[in-house]
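Participant: The sequence isn't on hand, but the structure is:
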């Protein structure tokens with residue numbers, strides 16, 4: 001399986017008065033614009049390795065908005081997965097990914113969970129790697145079979161500035 005990890009775009013600052021439930025915090029207008037400039041190149045890069053069969057997304061608004069931009073750029077309709085909400089373990093996420101039974105899948109989520117998932121996929125459950133995803137960054141992992149802890153090969157990890165530069 002080829003697995004793409006995407007961190008949501010730049011979101012509004014936490015503000016309990018505007019968003020008493022932080023899960024409702026959206027992308028900023030500038031964050032949406034920046035991610036739109038990234039999305040075309042990102043989708044093109046992903047699709048260069050074959051069709052992305054599934055796009056799964058955290059239930060938080062900022063992630064859903066990011067996934068909607070990816071969908072408009074050419075990825076499948078987003079499917080919301082509660083296991084991608086912040087605070088879930090890598091093992092739980094991987095179990096859900098295996099249930100999708102596809103060859104290529106993209107997911108949109110949050111830090112620090114994406115960095116931890118990436119580290120665990122590459123180096124196993126006791127990984128001491130510190131991998132940070134900037135907002136709008138993406139990574140590609142390759143698994144020879146179903147996604148399992150410690151069995152991934154990192155193909156690439158790109159910050160948003162590098163993704164935008166791919167547009168030429």
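Facilitator: Looks like it came in fine. On a predicted model such as this, the values are computed, not experimentally measured, just so you know. Numbers count the residues shown, from 1 in each chain.
Participant: where does the protein dip in pLDDT?
Facilitator: Where the chain drops to pLDDT under 70, the residues are 168.
Participant: All the helices of it, in order from the start?
Facilitator: Using DSSP state H, the helices of the chain run over 29-47, 61-72, 90-100, 113-123, 160-165.
Participant: Turn these into JSON lines, including distance to residue 141.
Facilitator: Quick note: C-beta positions are derived from backbone N, CA and C, even for glycine. Output for those, formatted as JSON lines (distance: least, CB to CB, whole Å):
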{"stretch": "helix 29-47", "distance to residue 141": "12"}
{"stretch": "helix 61-72", "distance to residue 141": "17"}
{"stretch": "helix 90-100", "distance to residue 141": "10"}
{"stretch": "helix 113-123", "distance to residue 141": "6"}
{"stretch": "helix 160-165", "distance to residue 141": "16"}
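Participant: nearest residue to residue 104 other than its sequence neighbours?
Facilitator: The shortest distance from residue 104 to any residue other than its chain neighbours is 4.5 Å, reached at residue 2 (CB to CB, 6 or more residues apart in numbering).
Participant: beta partners for the one you found?
Facilitator: residue 104, residue 142 (DSSP bridges).
Participant: That one: neighbour count?
Facilitator: Residue 2 has 19 neighbouring residues, counting by other CB atoms under 10 Å.
Participant: re the thing from before, so which of the helices of the chain is nearest residue 18?
Facilitator: Checking these against residue 18 by CB to CB gives helix 61-72 as the closest, at 12.0 Å.
Participant: quick one on the thing from earlier: thinking the residue nearest to residue 104 is in contact with residue 102, fair?
Facilitator: No. Using CB atoms under 8 Å, residue 2 makes no contact with residue 102, being 9.4 Å away.
Participant: OK, contacts around the residue lying closest to residue 51 once chain neighbours are set aside?
Facilitator: Leaving aside its sequence neighbours, residue 51 sits nearest to residue 104 (CB to CB, 6+ apart; 6.4 Å). Residues counted as contacts of residue 104 (CB atoms under 8 Å, 6 or more residues apart in numbering) are 1-4, 46, 49-54.
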